[in-house]
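1. below are the sequence and a predicted model; questions follow.
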Amino acid sequence: MSQPDPAAHTPRRGKALAWLLVAALLALAALGAQRWLAARDALAQDVLADRQRIAALEQRLDAMRRNQRAQTTRLQQAEATNRLLREELIGLGQRAALLEDSLRKLADPALQAGQALRLDEIELLLAQGQQRLLLAGDLEGARRAYALAGQLSEGLSDHAWLDLRQALAQERAALEALGEDPRGTAGARLARLASALPALPQAPAPAATPASPPSLWRRALAGLVQVQPSATALATDPADRAPALAALQLELGLAQAAVERRDRDTWQAALARADAWVLRLWPDSAARRSQLALLRELREQDLALDLPELGSTLTRLRRQRGG
């Protein structure tokens, strides 16, 4: 029986060792790869945990900022409320002081009687000023009466009359800004017109020379019949002119009375009738046309005062005293 050759087994053992070495290297590589993957997973988990912690910290910071802003807003609101309460307390103190002063003044019968007398004087001056302006057209007199009333109102120490003093100041300012009374202007212009009418020429202007002489029958009848439109017929006869002049003066007098009453309808109607009488009494001329234009311009003039504040202070004073 033959023995195995050791030299024949040597390559086999070398191959086996090589495969063992490769297997060991593969095992080591697998173990290293497993550990690297485990380390990578652990690192990724650590990074994710760090990101979560950072996000949580940012959320906490945002919440803290929101809380800080809310606290700042509440502090500002509390400060504004405290300031408002402090101002209201100061105002209440001032009002209490004013009430005490008013009660002390009301307890003084001499002061109360003096204030009542001053109010009576103010009411009288306001009524006189209003009547001077409306009835007599005395603008300067009305301004003086209101100025005296304003001086007397300065002595009213009671705070309940502050609105009255303010209304009086506004009405005085409106009086100072008021121009001329339209009633006085209209009356003056009407008086000038009435004085200028008798100076109008009574003879008509000479007619132009006709191009051809009138016919024989026209010359024969010229001394007997004169044809003219009835609308422009002039009152040349003294018996006709006297009533017409009287009627004109009557209409002008009615217009003047309407001025005093500020009666616009009567004023316009009287001037319209006066216009017709002027046409009846004087022939056509430049002077008559000028006076007629003035007469028609006067018909459109307003007689009312543009002063809506007039009498408001007097009304307020009477209502407040009555209340």
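-> Now that the structure is in, tell me what you want to look at.

2. from now on I want contacts and neighbour counts done on CA atoms only, so please keep to that.
-> Noted.

3. quick one: secondary structure of E180?
-> coil (DSSP: H, G, I helix; E, B strand; the rest coil).

4. quickly find the element holding N67.
-> helix 6-106 (DSSP states H and E).

5. same question, S290
-> helix 286-299.

6. ok, now Q151?
-> According to DSSP H and E, Q151 maps onto helix 139-153.

7. equivalent analysis for Q256, please.
-> Using DSSP H and E, Q256 falls within helix 238-261.

8. likewise for D163?
-> helix 162-177.

9. buried ones in the helix holding S290?
-> Buried residues in helix 286-299, defined by neighbour count with 16 or more other C-alpha atoms under 10 Å: 287-288, 291-292, 295, 298-299.

10. where does the stretch 51-200 of the chain have low pLDDT?
-> Across the stretch 51-200 of the chain, the stretches falling below the confidence threshold (pLDDT under 70) are 102, 104-112, 137, 158, 179.

11. repeat that for 90
-> Across the stretch 51-200 of the chain, residues meeting the criterion (pLDDT under 90) sit at 51, 53, 55, 57, 61-62, 69, 72-73, 75, 78-200.

12. hang on, the earlier thing: distance between the helix holding D163 and the chain's centre?
-> Distance, stretch centre to chain centre, for helix 162-177: 18 Å (C-alpha atoms, centre = their mean, to the nearest Å).

13. check contacts around the nearest residue to R189 once chain neighbours are set aside.
-> With C-alpha to C-alpha, 6 or more residues apart in numbering as the criterion, R189 has its nearest non-adjacent residue at 7.9 Å, and that residue is L298. By C-alpha atoms under 8 Å, 6 or more residues apart in numbering, L298 lies in contact with 186, 189-190, 271.

14. S157 and A113: what is the separation?
-> 13 Å (C-alpha to C-alpha, to the nearest Å).

15. swap in L103?
-> 15 Å.

16. repeat for G187
-> 45 Å.

17. of the two, which one has the most company?
-> When neighbours are counted by other C-alpha atoms under 10 Å, G187 and A113 differ, and G187 comes out ahead with 19 against 12.

18. sorry, back to before: next, the buried residues of the helix holding Q256.
-> So for helix 238-261, counting by 16+ other C-alpha under 10 Å, buried means 241, 244-245, 248, 251-256, 258-261.

19. could those go into TSV alongside pLDDT and distance to L164?
-> Conversion of those to TSV gives the following (pLDDT from 0 to 100; distance: C-alpha to C-alpha, whole Å):
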residue	pLDDT	distance to L164
R241	83	59
A244	85	55
L245	87	54
L248	87	49
E251	89	45
L252	89	43
G253	89	42
L254	89	40
A255	87	39
Q256	87	37
A258	84	35
V259	84	33
E260	80	31
R261	79	30
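
20. would you turn those into a markdown table with distance to L168?
-> Converted to a markdown table, the buried residues of helix 238-261 look like this (distance: C-alpha to C-alpha, whole Å):
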| residue | distance to L168 |
| --- | --- |
| R241 | 55 |
| A244 | 51 |
| L245 | 49 |
| L248 | 45 |
| E251 | 41 |
| L252 | 39 |
| G253 | 37 |
| L254 | 36 |
| A255 | 35 |
| Q256 | 33 |
| A258 | 31 |
| V259 | 28 |
| E260 | 27 |
| R261 | 26 |
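
21. just these now: which is nearest L303?
-> V259 (6.8 Å; C-alpha to C-alpha).

22. my guess is the closest one contacts R183, does it?
-> Yes: the pair V259 / R183 is scored as a contact, 5.8 Å apart, by C-alpha atoms under 8 Å.

23. pull up the overlap in contacts between these two.
-> L303.

24. is D302 part of a helix or strand, or is it coil?
-> Going by three-state DSSP: D302 is coil.

25. for it, grab phi and psi.
-> phi -80, psi 140 (degrees, to the nearest 10).

26. hmm, P182 and it touching each other?
-> Yes: in this structure D302 lies within contact range of P182 using C-alpha under 8 Å: 6.8 Å.

27. sorry, back to before: let me know the angle separating the helix holding D163 from helix 139-153.
-> 160 degrees (axes from the mean of the first three to the mean of the last three C-alpha atoms, to 10 degrees).

28. remind me what helix 162-177 packs against, helices and strands.
-> helix 139-153, helix 312-322 (3 or more C-alpha pairs under 8 Å, 6 or more residues apart in numbering; DSSP states H and E).

29. now do the buried residues in it.
-> 164-165, 167-172, 174-175.

30. which residues are contacting the helix or strand encompassing S195?
-> Here S195, judged by DSSP H and E, is contained in helix 182-196. Residues outside helix 182-196 that contact it (C-alpha under 8 Å, 6+ apart) are 137, 252, 256, 259-260, 262, 291, 294-295, 298, 301-305.

31. how close does L254 get to R241?
-> With C-alpha to C-alpha as the criterion, L254 and R241 are 20 Å apart.
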